[in-house]
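Q: predicted model and sequence follow; I will ask about them next.
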Amino acid sequence: MTRKDRLNDIFRRDSRTYAHLRAADPELPEHVWEVIIRYRPQLSALQWDAVREFTIVTAINMEPRTFETVRRMMTMTARFNAWVWATTGTILTVERVYTQNNVYRYLQERLPKHSETHRWGVARQLGTIAEVLAQNTVDRLPTPHAHRRRPFTIAEVASVCDQLFVGRFGAGFLPS
């Protein structure tokens, strides 16, 4: 006797349930659809049920084409959407969810201990969705490595190359 709760059965059932959403992007690759429909965040069933369709619609409307892009998007948006829904109780529309205020409150309240690079990536992803789908502007965080200095100046790199060249071929072969 075949169990009806196998992962493939769940995938087929969910694919049928959300087929009308997939139809919004006929060019969506099958492997991307599988990531979207199989994705399960570490949220309560109540939260995921409340935001799942909105999260799927958001992902499809962003037209991802690679595994990496859709996986990153699903990971960031599912938790963000659930947080917005749970804290504000707002009706889930991109214009209401993807706002400057929501993104920065989320970073402050849910991600304060995450690395600067992770917070930058989340703000970048959510800000891109806000601009593309809701025409809302979300200020980006400064690039985490923007304040860092290059490890070597151009002159230092040239000097090292000269030293390596001389060490290998001798001083007589240096170009003048």
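A: Looks like it came in fine.
Q: contacting residues for Val97?
A: Contacts of Val97 were listed using C-beta atoms under 8 Å, 6 or more residues apart in numbering, and they are 54, 80-81, 84, 90, 134. For glycine as for every other residue, the C-beta is placed from the backbone atoms N, C-alpha and C.
Q: at 7 Å what do you get?
A: 81, 84, 90 (C-beta atoms under 7 Å, 6 or more residues apart in numbering).
Q: just name the closest of those to Leu164, please.
A: Asn81 (53.6 Å; C-beta to C-beta).
Q: of the contacts of Val97 - the most surrounded one?
A: Asn81 (25 neighbours; other C-beta atoms under 10 Å).
Q: leaving out sequence neighbours, find the closest residue to Thr99.
A: Counting by C-beta to C-beta, 6 or more residues apart in numbering, Thr99 lies nearest to Asn136, which is 5.5 Å off, once chain neighbours are set aside.
Q: rewinding a little: in JSON lines, list the contacts of Val97 along with secondary structure, pLDDT and distance to Leu111.
A: Formatted as JSON lines, those follow (DSSP: H, G, I helix; E, B strand; the rest coil; pLDDT from 0 to 100; distance: C-beta to C-beta, whole Å):
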{"residue": "Asn81", "secondary structure": "helix", "pLDDT": "98", "distance to Leu111": "15"}
{"residue": "Val84", "secondary structure": "helix", "pLDDT": "98", "distance to Leu111": "14"}
{"residue": "Thr90", "secondary structure": "coil", "pLDDT": "91", "distance to Leu111": "20"}
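Q: circling back: got the phi and psi for the residue nearest to Thr99?
A: When quoted as degrees, to the nearest 10, the phi and psi of Asn136 stand at phi -100, psi 140.
Q: and Pro29, by the same measure?
A: According to degrees, to the nearest 10, Pro29 has phi -60, psi 150.
Q: let me know whether it touches Pro64 as I believe.
A: No. With contacts counted by C-beta atoms under 7 Å, Pro29 stays clear of Pro64, the gap being 8.7 Å.
Q: the two: which has the busier surroundings?
A: Pro64 (22 against 14).
Q: residue contacts, that one?
A: So Pro64 contacts 32, 70, 73 (C-beta under 7 Å, 6+ apart).
Q: run a quick neighbour tally on Arg79.
A: Counted with other C-beta under 10 Å, Arg79 comes out at 20.
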